[in-house]
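Peer 1: got a sequence here, can you build the structure:
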Amino acid sequence: MQDEKKKFNIMTRSPVRKLVCKLAIPTIISMIVTAVYNAVDTVFVGQIDTSATAAVGIAFSFMALIQAVGFLFGHGSGNPISRELGQKNTQEASCYAALGFFSSFFFGLVIMAVGLIFTKPLCILLGATEDSLSYTMSYIGIISIGAPFMTSSFTLNNQLRLEGNAAYAMIGIASGAVLNVVLDPIFIFVCNMGVAGAALATIISQILGFCILGVGIYFKGVRIKFKYFRPTFARYRKIINCGIPSFFRQGFNCIATICLNNVAGNYGDVAIAAFSIVTRITNFAYSAILGFGQGFQPVCGWNYGAKKYDRVCDAFSFCVSVATIVCIIFCVVGGRFSYGLVAIFRDDPLVIDLGGQILSWQCFTFPTLGLITMSNMLLQNLGKGFWSSVLAVARQGLFFLPLLYLLNFTAGQNGLLLVQSIADLLTFAVSLPITYFVIKDLKSKKSE
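Peer 2: Reported below is the predicted structural model:
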């Protein structure tokens with residue numbers, strides 16, 4: 001009881017900006033480490049050939065689907081948990097923790113079954129070409145086995161983080177990431193397993209992370225017990241309302257990647273490889289922004305639950321400012337060294353030339369992601385599922401998908417270079433008025 005009171009005082013009375021930074025540092029580290037090992041996968045596989053690089057990029061959309069399910073139940077249960085803890089309703093928080101975890105594991109089993117039974121048609125659907133199909137099937141066939149542990153890991157990570165235990169969440173994610181980096185070259189080259197080795201290294205690392213996160217939940221988090229697995233329509237409705245923006249964000253990222261791979265596949269494996277590499281590079285920078293925003297989320301949830309609305313507004317303003325500055329720095333650095341960054345992943349002049357052009361255009365609009373990301377997280381933590389879903393769908397769905405086909409039809413491969421940049425600008429334009437009215441409403445409320 002004393003620990004709960006101490007945690008409540010820290011989350012609702014500590015200086016907001018210092019608290020956000022304290023919670024953000026572990027999440028930034030875990031997100032960057034995760035991005036690094038994703039990038040390392042591509043670097044090692046890129047030493048095989050261009051088709052292998054394309055295969056990992058194609059499989060990335062399948063990984064995004066797994067992550068989407070984990071985020072649906074992780075954010076969906078984590079946000080109510082933080083608000084219930086802010087209102088000192090510990091038992092109700094336990095019910096959301098159990099409901100989120102067991103639901104996530106079940107849907108992971110469903111994904112595993114689909115991936116193992118329909119491997120070939122799934123790979124073709126994701127955009128595999130004739131040259132990359134065998135590589136893609138090897139990768140996804142193995143990744144599917146680890147799907148239940150991967151969905152559950154994302155759920156446990158987000159529950160721990162939103163409870164305010166970001167350091168333990170970081171240890172779980174980072175440990176798996178480090179092991180992946182160690183195992184990749186061993187399985188790919190020493191054991192001569194190729195692309196299958198990269199996939200095996202990934203699932204072994206994810207299972208380790210799952211175990212460490214489980215230990216973290218047991219000692220520091222809201223404990224997950226089957227007796228608290230009490231599914232009701234009201235609880236599931238709240239989980240879906242809070243988690244659906246994350247599901248849409250990741251789900252449409254998955255759909256956008258599938259569609260991009262299929263369209264880019266018309267121009268060969270070089271185009272797929274180039275877009276795949278640029279995705280890895282931009283994800284590295286975007287991970288830092290997401291990590292910082294994830295430090296904001298528990299502060300937002302606890303203080304909104306405790307009706308301390310002025311602290312929510314202060315934290316949001318601070319996070320938008322910092323995130324935008326970081327995005328501007330990446331815009332300058334990424335734009336200046338775009339071709340050199342692509343060359344790290346694949347020593348192919350055609351891939352480097354196309355990838356450098358793609359990265360240059362995406363860096364141009366990268367500064368818009370600060371407000372877009374923080375606005376999405378704010379709305380999600382306040383339980384405003386509809387508006388949060390609108391922003392989540394806008395970037396990779398509402399704008400990206402129509403632009404992809406329109407610009408490909410009108411300008412061919414050159415048109416594909418501009419798709420993400422234009423989608424970012426349009427999403428930024430939509431985010432501004434929505435966020436303005438939400439913040440205005442918060443400021444009009446009286447804090448306790």
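
Peer 1: against which helices or strands is the helix or strand bottoming out on mean pLDDT in the chain packed?
Peer 2: Within the chain, no helix or strand scores below helix 2-13, which has a mean of 75 by mean pLDDT, DSSP states H and E. Where contact means 3 or more C-beta pairs under 8 Å, 6 or more residues apart in numbering; DSSP states H and E, helix 2-13 is packed against helix 50-86, helix 269-305. Where C-beta positions appear, they are placed from N, C-alpha and C, glycine not excepted.

Peer 1: which positions in it come out as buried?
Peer 2: Of all the residues in helix 2-13, those buried under the rule 16 or more other C-beta atoms under 10 Å are 8, 11-12.

Peer 1: for stretch 168-188, same thing?
Peer 2: 168-181, 183-185, 187-188.

Peer 1: now, these that are in helices?
Peer 2: Per DSSP state H, helices hold the following members of the buried residues of stretch 168-188: 168-181, 183-185.

Peer 1: for the stretch 101-250 of the chain, which segments are assigned as helices?
Peer 2: 119-126, 133-145, 147-162, 166-185, 195-220, 233-264 (DSSP state H, counting those that start in this stretch).

Peer 1: the inter-axis angle of the fourth one versus helix 269-305?
Peer 2: When you say that, I think you mean helix 166-185. 160 degrees (axes from the mean of the first three to the mean of the last three C-alpha atoms, to 10 degrees).

Peer 1: what pLDDT, on average, does helix 166-185 get?
Peer 2: For helix 166-185, mean pLDDT is 82.

Peer 1: any idea how far it is from the middle of the chain?
Peer 2: Chain-centre distance of helix 166-185: 16 Å, with C-alpha atoms, centre = their mean, to the nearest Å.

Peer 1: for it, packing partners?
Peer 2: helix 16-45, helix 147-162, helix 195-220, helix 269-305.

Peer 1: cool, the second one as well?
Peer 2: Taking 3+ C-beta pairs under 8 Å, 6+ apart as contact, the helices and strands that helix 133-145 lies on are helix 50-86, helix 90-117, helix 119-126, helix 195-220.

Peer 1: now Trp124: closest residue in space that isn't a chain neighbour?
Peer 2: You called it Trp, but residue 124 is Ile. Spatial nearest neighbour of Ile124, chain neighbours left out: Leu133 (7.1 Å); criterion: C-beta to C-beta, 6 or more residues apart in numbering.

Peer 1: residue contacts, that neighbour?
Peer 2: Listed by C-beta atoms under 8 Å, 6 or more residues apart in numbering, the contact partners of Leu133 are 120, 123-124.

Peer 1: what's the answer for Tyr286, then?
Peer 2: Tyr286 touches 35, 369, 373, counting by C-beta under 8 Å, 6+ apart.

Peer 1: 10 Å - rerun?
Peer 2: Shown in contact with Tyr286 (C-beta atoms under 10 Å, 6 or more residues apart in numbering): 31, 35, 279, 327, 330, 366, 369, 373.

Peer 1: likewise for Ile28?
Peer 2: So Ile28 contacts 21, 166, 170, 287-295, 326 (C-beta under 10 Å, 6+ apart).

Peer 1: out of those, who's nearest Ala196?
Peer 2: Comparing those against Ala196 with C-beta to C-beta places Ser287 closest, at 26.1 Å.

Peer 1: give me the distance between the closest one and Val222.
Peer 2: 26 Å (C-beta to C-beta, to the nearest Å).

Peer 1: ok, Gln357 next?
Peer 2: For Gln357 relative to Val222 (C-beta to C-beta), the value is 48 Å.

Peer 1: now swap in Gly334 and tell me
Peer 2: 39 Å.

Peer 1: looking at these two, which has the bigger crowd around it?
Peer 2: Val222 (26 against 21; other C-beta atoms under 10 Å).
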